[in-house]
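# pasting the structure only:
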């Protein structure tokens, strides 16, 4: 942990840091399967160690309670498939292999892939599934932790989520920011430096006086690259730090982090 200089503005990652992204996607996929007229059925000869579920609703058989564990395994794999598609496409965009599209487009593509694998064909069900990122639940400490920071600092949300997605997610999760910023405005995805510069421009102060809070070490490394201070908050999901990472603060939750970060000079 390094301590040097005061913090004037605190910027929070949103997906995974303030809301449970995998859990929300899992709930949305479960809902789509439950509402579908054609539920997934086990693929003949499939094993519990099979890879991704096959076309037209192939499902891994379960170990233990028939149907229950296989359903949970299927959900795990479908969420992984969704997230892998989004990550791969964001990487292709960063490499210049694909023109920029916002996160809502990538979520729609991922939802269609999931629907194709599970036999969900109802357009309304697929459309609702594609909007899953608008309905993610906050972690238990997110609202109170954000409020504690907001008593002492301007607080900003900086997310790879598209503008419209971020707006609806903020309302759904009850997160009370002073301002939200979408990577869509930079036509890039974190950890591209131009995304963090959105926050620096909004903050209107030197980067060493702006703190980036995230549950993803890769995100914090991106913030460090533009001179921001960094704080890692542990979540059940996310990207943990490497031994070589040197973040300013590390905490197991937002309450702990709020107690560690000193108030700006002159604050009440």
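Looks like it came in fine. Bear in mind the structure is a predicted one, so any value in this text is a computation, not a measurement.
# Can you report how many residues neighbour the nearest residue to residue 100 once chain neighbours are set aside?
Once flanking residues are discounted, residue 100 sits nearest to residue 187: 4.6 Å by CB to CB, 6 or more residues apart in numbering. Using the backbone N, CA and C atoms, a C-beta is placed for each residue, glycine as well. Neighbourhood size, residue 187 [other CB atoms under 10 Å]: 14.
# Same check on the one 5 residues further on?
Each residue near residue 192 was counted by other CB under 10 Å, and the total is 18.
# Does it touch residue 96 like I think?
No - contact criterion CB atoms under 8 Å: residue 192 and residue 96 do not qualify, at 11.6 Å.
# for the chain, which spans come out with low pLDDT?
1-4, 37-68, 267-268 (pLDDT under 70).
# elements contacting the helix ranked longest in the chain?
Longest helix in the chain, counting residues (DSSP state H): helix 68-95. Packing partners of helix 68-95 (3 or more CB pairs under 8 Å, 6 or more residues apart in numbering; DSSP states H and E): helix 21-35, strand 58-59, helix 103-118.
# just the helices in this structure please.
Counting by DSSP H, the helices of the chain are 21-35, 68-95, 103-118, 123-130, 142-150, 163-173, 193-203, 217-225, 254-260.
# Who are the packing partners of the fifth one?
Read it as helix 142-150. helix 254-260.
# which residues are contacting the helix it packs on?
141, 142, 144, 145, 146, 148, 149, 213, 231, 233, 249, 251 (CB atoms under 8 Å, 6 or more residues apart in numbering).
# Any of these buried? List them.
By neighbour count, with 16 or more other CB atoms under 10 Å, the contacts of helix 254-260 hold 141, 142, 145, 146, 148, 149, 213, 231, 233, 249, 251 as buried.
# from those, which single one is nearest residue 114?
Using CB to CB, residue 142 comes nearest to residue 114 of the buried ones among the contacts of helix 254-260, at 26.3 Å.
# Could you pull up the residues touching the closest residue to that closest one other than its chain neighbours?
Residue nearest to residue 142 in three dimensions, not counting chain neighbours: residue 18, with 4.7 Å by CB to CB, 6+ apart. Residues counted as contacts of residue 18 (CB under 8 Å, 6+ apart) are 12, 138, 139, 142, 146, 157, 173, 175.
# Most neighbours out of those, which is it?
The most crowded member of those, judged by other CB under 10 Å, is residue 12 (27 neighbours).
# That one bridge partners, please.
residue 157, residue 213 (DSSP bridges).
# That one reaches residue 153, doesn't it?
No - applying CB under 8 Å, one finds residue 12 not in contact with residue 153, separated by 10.6 Å.
# end to end, how far does stretch 227-236 reach?
Counting by CA to CA, to the nearest Å, you get 27 Å between the two ends of stretch 227-236.
# Could I get the buried residue list for that stretch?
Under the neighbour-count criterion of 16+ other CB under 10 Å, stretch 227-236 has 228, 229, 230, 231, 232, 233, 235 buried.
# and that stretch, how far from the chain's centre?
14 Å (CA atoms, centre = their mean, to the nearest Å).
# Now do the buried residues in stretch 184-197.
184, 186, 188, 189, 190, 191, 192, 195, 196.
# Widest-spaced pair of those residues?
Taking CB to CB, no two of the buried residues of stretch 184-197 sit farther apart than 184 and 191, at 15.7 Å.
# Please identify which of the buried residues of stretch 227-236 is nearest to residue 84.
Distance to residue 84 across these (CB to CB) is lowest for residue 235, with 19.3 Å.
# what sits against the closest one?
16, 17, 139, 215 are the contacts of residue 235 under CB under 8 Å, 6+ apart.
# I'd like those residues as TSV, with distance to residue 208 appended.
TSV is the format used below for these (distance: CB to CB, whole Å):
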residue	distance to residue 208
16	25
17	21
139	28
215	22
